[in-house]
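# give me a 3D structure for the following:
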Amino acid sequence: MRAFRIIACLVTIVACTGGTVAASHADISGSTMGTTYHVVLATLPSSIGEVRLHDEIDDILDGIDARMSTYRDDSEISRFNATSSTAWFPVSSDTRDVVAEARRVAVLSGGAFDATLLPLVELWGVGRRVAPVSLPSAGAIREASTSVGFSKVETRGGSPAIRKHRADVRIDLSAIAKGFAVDRVAAHLASRDIDDYLVEIGGEVRVGGTSPTGSAWRVAIEQPSGGPLAAQTVVALTSGAVATSGDYRHYFEHSGRRYSHVIDPRTGRPVAHQLVSVTVVDRSAMHADAYATALLVLGPRAGVELASEQGLAALFLSREEGGFAQVSTPQFKRYVIR
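Just a heads-up that it's a prediction; the model follows:
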């Protein structure tokens with residue numbers, strides 16, 4: 001469902017921010033959740049070594065992947081998806097919290113964001129390396145859609161659990177779990193008295209404090225041309241998260257027509273409007289992650305309306321002849337430096 005990349009100023013941090021990088025800064029990277037992660041620290045406290053911190057971050061991310069991945073048969077979400085029972089299914093508080101947040105954004109967006117979308121994602125072959133030989137029939141779309149809808153899922157506090165109202169309901173948290181993981185790593189850094197950091201997982205970014213040059217962190221948002229990487233705009237942050245959702249790198253063509261890999265849960269079909277990417281700045285990477293997807297699905301008119309109603313800092317880029325039309329909320333403009 002996700003098809004985007006935020007160009008974070010990681011390796012070329014001097015060129016991006018100007019100035020000299022502090023000699024004591026640390027740069028930690030690895031693989032997680034089917035993608036990569038990157039953590040940049042302006043300074044590394046003497047109380048903890050870089051190797052030890054790297055191991056702690058890996059442990060956090062491995063735990064989240066073990067709970068929320070749909071690619072692991074033994075994860076909490078995969079086991080929940082596999083059961084036909086409609087009884088309460090015990091899960092970790094992390095999984096319960098992410099499912100509850102996904103449900104909240106689903107309600108807020110009128111179903112434009114929906115983590116029960118997995119049957120439609122599989123029907124359309126989203127994520128396949130080759131285009132499908134044929135498109136799903138209207139009947140197949142209707143059939144798959146019967147098990148889609150976040151009103152079919154509940155969460156429970158206390159002893160954390162989730163349950164489905166239909167045996168065939170299945171959840172995919174890929175449009176929100178990476179943001180949650182970014183927030184969790186950021187929280188761990190704060191617990192280690194690390195205030196100046198950038199955390200990036202699969203394009204989701206959260207920053208705190210200042211960069212190794214002593215200035216605000218600068219994050220470049222990719223121009224959605226699908227060609228060589230180029231910045232559309234650059235935002236500066238000392239606190240907060242940035243997430244982008246788009247359809248310009250992942251799509252397929254069939255009979256001369258282009259189909260987005262972003263599925264609209266309300267229609268059961270790929271989105272078909274001119275909005276190509278949405279970027280959201282928020283205090284939480286999990287919120288920014290989910291909001292960006294919801295606004296992209298809603299499209300250039302309804303998406304802007306919802307962002308305005310909710311006071312979201314959002315940037316909308318739409319295709320137009322000769323380039324891209326750019327619309328942003330007042331809350332987003334305050335972060336823009338280029």
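# and the helices in the chain?
13-17, 50-68, 76-82, 93-108, 118-124, 138-145, 177-191, 285-310, 330-333 (DSSP state H).
# quick one: residue 92 from residue 98, how far?
Counting by C-beta to C-beta, to the nearest Å, the gap from residue 92 to residue 98 is 10 Å. For every residue, glycine as well, the C-beta is placed using N, CA and C.
# switch the helices of the chain over to a markdown table; also include mean neighbour count and mean pLDDT.
Formatted as a markdown table, those follow (neighbours: other C-beta atoms under 10 Å; pLDDT from 0 to 100):
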| stretch | mean neighbour count | mean pLDDT |
| --- | --- | --- |
| helix 13-17 | 17 | 33 |
| helix 50-68 | 16 | 97 |
| helix 76-82 | 18 | 97 |
| helix 93-108 | 20 | 97 |
| helix 118-124 | 21 | 92 |
| helix 138-145 | 14 | 96 |
| helix 177-191 | 22 | 97 |
| helix 285-310 | 24 | 97 |
| helix 330-333 | 14 | 97 |
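# any chance of the ones you listed in TSV, plus distance to residue 220?
Formatted as TSV, the helices of the chain follow (distance: least, C-beta to C-beta, whole Å):
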stretch	distance to residue 220
helix 13-17	7
helix 50-68	24
helix 76-82	32
helix 93-108	26
helix 118-124	29
helix 138-145	38
helix 177-191	17
helix 285-310	16
helix 330-333	15
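# figure out which of these is closest to residue 243.
helix 285-310 (3.8 Å; C-beta to C-beta).
# specify the angle between the closest one and helix 177-191 in degrees.
Angle of helix 285-310 versus helix 177-191, following axes from the mean of the first three to the mean of the last three C-alpha atoms, to 10 degrees, is 110 degrees.
# quick one, helix 285-310 and helix 93-108 angle?
Interaxial angle, helix 285-310 versus helix 93-108 (the same axes, to 10 degrees): 20 degrees.
# list the helices and strands helix 285-310 packs on?
Judged by 3 or more C-beta pairs under 8 Å, 6 or more residues apart in numbering; DSSP states H and E, helix 285-310 is in contact with helix 93-108, helix 177-191, strand 204-208, strand 239-246, strand 275-282, strand 313-320.
# what sits up against the first one?
Yep, that's helix 93-108 we're talking about. Residues outside helix 93-108 that contact it (C-beta atoms under 8 Å, 6 or more residues apart in numbering): 63-64, 67-68, 76-77, 91, 112-115, 150, 153, 155-157, 160-162, 171, 173, 176-177, 180, 184, 286-287, 290-291, 294, 306, 310.
# swap the cut-off to 6 Å and go again
Applying C-beta atoms under 6 Å, 6 or more residues apart in numbering, the set of residues contacting helix 93-108 from outside is 67, 76, 113-115, 150, 155, 160, 162, 173, 176, 180, 290, 294.
# okay, these in a markdown table with distance to residue 86 next?
Formatted as a markdown table, the contacts of helix 93-108 follow (distance: C-beta to C-beta, whole Å):
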| residue | distance to residue 86 |
| --- | --- |
| 67 | 21 |
| 76 | 17 |
| 113 | 23 |
| 114 | 19 |
| 115 | 17 |
| 150 | 15 |
| 155 | 14 |
| 160 | 17 |
| 162 | 11 |
| 173 | 20 |
| 176 | 23 |
| 180 | 26 |
| 290 | 25 |
| 294 | 27 |
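# residue contacts, the most centrally placed residue in the chain?
Per C-alpha atoms, centre = their mean, the C-alpha nearest to the average position across the chain is that of residue 289, at 3.6 Å. By C-beta under 6 Å, 6+ apart, the residues touching residue 289 are 176, 179, 204, 243.
# list the beta-bridge partners for the third one.
This points to residue 204. On the basis of DSSP bridges, residue 204 is bridged to residue 201.
# the last one now?
Counting by DSSP bridges, residue 243 is bridged to residue 280.
# that one: how many residues sit nearby?
When neighbours are defined as other C-beta atoms under 10 Å, residue 243 has 32 of them.
# you'd agree it is up against residue 293?
No. The pair formed by residue 243 and residue 293 falls short of the contact definition of C-beta atoms under 6 Å, at 8.5 Å.
# low-scoring pLDDT stretches of the stretch 201-338 of the chain, where are they?
Across the stretch 201-338 of the chain, the ranges flagged by pLDDT under 70 are 226-227, 248-255.
# same thing but at 90, please
The model of the stretch 201-338 of the chain has pLDDT under 90 over residues 203, 213, 221-232, 246-262, 272-274, 319-324, 338.
# and residue 274, how far from residue 299?
8 Å.
# and what of residue 225?
In terms of C-beta to C-beta, residue 225 sits 20 Å off from residue 299.
# then residue 94?
Distance from residue 94 to residue 299, by C-beta to C-beta: 32 Å.
# show me which of the contacts of residue 289 is closest to residue 191.
residue 179 (19.1 Å).
# for that closest one, what are its contacts?
Residues in contact with residue 179, defined by C-beta under 6 Å, 6+ apart, are 204, 243, 285, 286, 289.
# ok, residue 317 next?
Going by C-beta under 6 Å, 6+ apart, residue 317 touches 224, 276, 277, 324, 326.
# what about the fourth one, neighbour count?
Right, residue 324. Residues contacting residue 324 under the criterion other C-beta under 10 Å number 17.
# contacts only, for it.
Residues near residue 324 by C-beta under 6 Å, 6+ apart: residue 317.
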